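Undergrad: with the sequence up front, the predicted model follows.
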Amino acid sequence: MKANIGVVGLAVMGQNLALNIARNGYAVAVYNRTAERTKKFVEERVKGEKIFPSFDIQHFVDSIEKPRKIILMVKAGSPVDEIIEELLPYLEKGDLLIDAGNSHYADTNERLERLSHHGILYLGMGVSGGEYGALHGPSIMPGGSLEAYKMVQDVLTKIAAKTEDGPCCTYVGNGSAGHFVKMVHNGIEYSIMQSISEIYDIMRKVLKMNSAEIGRVFEEWNKGELGSFLVEITYKIMNYMDEETNRPLVELILDKAEQKGTGKWTAQAALDLGVPTPSLNVAVFARTISHFKEQRIQLSKIFGEKKMAHVDKSIVKDLEKSLLFNMFLSFSQGLWLIHEASNAYNYNIDLLEVLRIWKGGCIIRAKLLDFLRNILKDNPQNINLLASDLAMNFVKEKLPSVLRVSSIARESGLPTPVLNNSIDYLFSLTEENLPANLIQAQRDFFGAHTFERIDKEGTFHVEWQELE
Ligand code: 6PG
């Protein structure tokens with residue numbers, strides 16, 4: 001008997017994805033570079049599922065029915081190219097490779113092109129939901145040719161998370177659309193995570209709340225409009241006790257945030273495409289700054305003690321609204337970026353579908369997505385969601401709270417970069433007259449870069465001062 005599909009790469013994500021596929025009734029061939037891991041997986045985790053291990057790449061390819069469908073669940077970057085090179089000699093025209101890692105979209109374009117010369121089909125597929133999602137139902141974002149997608153549509157929709165709006169999997173679009181959308185998903189993820197952390201910082205330092213109290217607030221919020229995976233895990237984190245010290249573990253974790261690159265790529269793509277995603281961008285810098293622990297310790301001593309603002313717990317309501325405001329504007333910026341990329345790279349992405357498949361399984365799943373979909377349904381051209389009364393009323397209603405929270409943070413000397421950038425994103429976009437006229441005058445002054453005028457057509461340059 002041949003396997004229906006193959007999975008290469010048996011780190012936890014690969015193992016879980018293979019088990020998920022097998023539990024949905026498919027026979028799965030599995031292969032990992034180091035045989036030890038394959039053996040361990042089969043011995044310890046496979047319990048009657050149709051999973052066929054291979055310890056040799058040719059045997060692995062031969063054990064899959066034709067046309068072969070092979071999911072690559074290996075680390076992004078050169079490991080993907082290395083495994084493709086290993087597989088290539090044994091593949092035949094019409095076989096399909098699916099890269100399910102967090103690959104950079106430019107790499108995916110390059111691989112699509114390269115493999116097309118061999119007649120091999122290729123999908124760049126974003127998968128979100130971490131280890132749990134891979135096993136129980138992730139959000140799946142495949143992009144590439146529609147023909148390739150059709151070959152695996154059944155299995156992907158079966159293993160995906162489900163919501164009342166269907167399986168969290170859709171054909172995202174052409175070329176590297178799947179990986180692009182997954183990348184922006186992560187950019188939004190960074191922004192929401194950072195804004196939750198900013199709110200947490202105010203709770204612990206200004207309101208002097210302990211972790212258990214903070215946990216209770218997040219747990220309450222999770223029942224309301226803020227209901228989301230990231231808010232849910234936050235209250236669970238607050239409640240998690242370290243056995244050794246009997247203290248909340250979060251208080252013992254070093255404040256240096258790591259990153260694997262998808263947030264940075266999102267910011268880079270936004271800069272390249274000229275799309276404003278300030279909240280997403282500063283969330284990356286916030287992680288970068290966190291790394292300079294030594295400097296922060298030193299500078300905090302020179303700066304001196306920060307005096308926290310005197311406020312009481314009545315501002316918790318304002319904190320909730322601030323988080324909603326940030327979440328909304330993080331999605332707004334991310335969607336806008338996807339829209340512009342879709343135009344620039346001919347991805348042909350349906351934003352409503354993207355929001356639909358983010359409703360379940362993924363890290364940024366949130367109740368708010370239904371609200372965003374309603375806004376977009378009313379007007380599909382509303383690509384950053386703001387051009388509607390519904391959206392504007394939503395953010396304006398939050399604004400007094402947001403400004404209060406921002407000023408409390410300013411007064412206390414606490415950084416809230418995502419909150420501040422979300423405010424400025426809103427204020428800038430809703431400002432008819434920005435001071436960019438002065439920038440244009442300055443550019444023309446020192447570099448004859450020219451400017452346009454508001455009172456007549458054309459491009460102008462003046463000698464701003466007499467040259468000696
Ligand atoms: C997901 C996550 C996942 C991974 C991130 C973490 O959607 O399941 O985004 O892909 O946890 O890559 O990224 P950082 O290591 O950059 O925080």
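TA: Everything's here; your move.
Undergrad: sec struct for Ala270, please.
TA: helix (DSSP: H, G, I helix; E, B strand; the rest coil).
Undergrad: surely it and Val284 touch.
TA: No. Judged on CB atoms under 8 Å, Ala270 makes no contact with Val284 at a distance of 10.6 Å. In this view, the C-beta of every residue, glycine as well, is placed from N, C-alpha and C.
Undergrad: where along the stretch 251-400 of the chain do the helices fall?
TA: 262-273, 278-290, 293-303, 316-344, 351-357, 368-378, 389-412 (DSSP state H, counting those that start in this stretch).
Undergrad: out of those, flag the one nearest the ligand.
TA: Of all these, it is helix 262-273 that lies closest to the ligand, at 5.4 Å by CB to the nearest ligand atom.
Undergrad: and that closest one with the ligand, contact?
TA: Yes. Counting by CB under 6 Å from any ligand atom, the ligand is contacted by helix 262-273 at 262-263.
Undergrad: sorry, back to before: pick the most buried one from the helices of the stretch 251-400 of the chain.
TA: helix 316-344 (a mean of 23; mean count of other CB atoms under 10 Å).
Undergrad: where do the domain boundaries of this protein fall?
TA: 5-175, 185-429, 439-468 (automatic domain parsing).
Undergrad: how much distance is there from the shortest one to the middle of the chain?
TA: The chain centroid and the centroid of domain 439-468 are separated by 41 Å under CA atoms, centre = their mean, to the nearest Å.
Undergrad: on that earlier part again, just send the helices of the stretch 251-400 of the chain back as CSV, with mean pLDDT too.
TA: Formatted as CSV, those follow (pLDDT from 0 to 100):
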stretch, mean pLDDT
helix 262-273, 98
helix 278-290, 98
helix 293-303, 98
helix 316-344, 98
helix 351-357, 98
helix 368-378, 98
helix 389-412, 98
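Undergrad: as CSV, those with distance to Glu244 would be great.
TA: Shown next, in CSV, are the helices of the stretch 251-400 of the chain (distance: least, CB to CB, whole Å):
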stretch, distance to Glu244
helix 262-273, 32
helix 278-290, 24
helix 293-303, 22
helix 316-344, 31
helix 351-357, 41
helix 368-378, 38
helix 389-412, 32
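Undergrad: of these, which approaches Ala29 most closely?
TA: The minimum distance between Ala29 and these falls on helix 351-357, with 26.9 Å, by CB to CB.
Undergrad: please verify my assumption that Cys168 contacts Lys162.
TA: Yes. Cys168 is within contact range of Lys162, at 7.0 Å (criterion: CB under 8 Å).
Undergrad: and those two? which has more neighbours close in?
TA: Taking other CB atoms under 10 Å, Cys168 and Lys162 do not tie; Cys168 has more neighbours (27 against 15).
Undergrad: quick one, what contacts the closest residue in space to Pro278 that isn't next to it in sequence?
TA: Nearest residue to Pro278, sequence neighbours excluded (CB to CB, 6 or more residues apart in numbering): Asn421, at 4.0 Å. Residues near Asn421 by CB atoms under 8 Å, 6 or more residues apart in numbering: 278-279, 281-282.
Undergrad: if you count neighbours, what's buried in the helix or strand harbouring Asn421?
TA: Assigned by DSSP states H and E, Asn421 belongs to helix 417-429. Along helix 417-429, these residues count as buried under the neighbour rule (16 or more other CB atoms under 10 Å): 417-423, 425-426.
Undergrad: and for stretch 210-224?
TA: 211, 214-215, 217-219, 221-222.
Undergrad: before we move on, what about stretch 66-79?
TA: Those would be 68-74, 76, for stretch 66-79 by 16+ other CB under 10 Å.
Undergrad: as TSV, the residues you listed with distance to the ligand would be great.
TA: Formatted as TSV, those follow (distance: CB to the nearest ligand atom, whole Å):
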residue	distance to the ligand
Arg68	26
Lys69	22
Ile70	20
Ile71	15
Leu72	15
Met73	12
Val74	14
Ala76	9
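Undergrad: just give the closest residue to Ile357, not the sequence neighbours.
TA: Cys168 (4.4 Å).
Undergrad: for stretch 66-75, list the C-alpha coordinates in PDB.
TA: Provided in PDB are the C-alpha atoms of stretch 66-75 (Å, rounded to 0.1, in the frame of the first residue of the first chain):
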ATOM      1  CA  LYS A  66       1.600   9.400  -7.800                       C
ATOM      2  CA  PRO A  67       1.400  12.200  -8.400                       C
ATOM      3  CA  ARG A  68       3.300  12.600  -5.100                       C
ATOM      4  CA  LYS A  69       2.300  15.200  -2.600                       C
ATOM      5  CA  ILE A  70       5.100  16.000  -0.100                       C
ATOM      6  CA  ILE A  71       4.900  18.500   2.700                       C
ATOM      7  CA  LEU A  72       8.200  20.000   3.800                       C
ATOM      8  CA  MET A  73       8.200  21.000   7.400                       C
ATOM      9  CA  VAL A  74      11.800  22.000   7.800                       C
ATOM     10  CA  LYS A  75      13.400  25.200   9.100                       C
END
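Undergrad: got a list of contacts for that stretch?
TA: Here stretch 66-75 has contacts from 4-11, 13-14, 17, 61, 64, 80, 83-84, 87, 91-92, 94-101, 125, 151-152, 155, using CB under 8 Å, 6+ apart.
Undergrad: residue contacts, Asn102?
TA: Counted by CB under 8 Å, 6+ apart, Asn102 has contacts 76, 126, 179, 182-183, 186, 260-262.
Undergrad: in three-state terms, label it for me.
TA: coil.
Undergrad: now the residue of the stretch 351-468 of the chain found nearest the ligand, nearest residue through space, not along the chain?
TA: Nearest residue of the stretch 351-468 of the chain to the ligand: Ile363, at 4.2 Å (CB to the nearest ligand atom). Excluding the flanking residues, the one nearest Ile363 by CB to CB, 6+ apart is Glu189, at 5.1 Å.
Undergrad: state the pLDDT value of Glu468.
TA: pLDDT, Glu468: 71.
Undergrad: that one - how many residues pack around it?
TA: 3.
Undergrad: hang on, the earlier thing: now, of the contacts of stretch 66-75, which are buried?
TA: For the contacts of stretch 66-75, buried by 16+ other CB under 10 Å: 4-10, 13-14, 17, 61, 64, 80, 83-84, 87, 91, 95-101, 125, 151-152, 155.
Undergrad: dump the residue contacts of the residue nearest to Glu320 when sequence neighbours are not counted.
TA: Nearest residue to Glu320, sequence neighbours excluded (CB to CB, 6+ apart): Trp221, at 5.6 Å. Neighbour list for Trp221: 227, 231, 320, 323 [criterion: CB under 8 Å, 6+ apart].
Undergrad: check which helix or strand covers Trp221.
TA: Going by DSSP H and E, Trp221 is in helix 211-223.
Undergrad: show me what the helix or strand following that helix is packed against.
TA: Downstream of helix 211-223, the next assigned helix or strand under DSSP H and E is helix 229-239. If contacts are counted by 3 or more CB pairs under 8 Å, 6 or more residues apart in numbering; DSSP states H and E, helix 229-239 sits against helix 177-205, helix 211-223.
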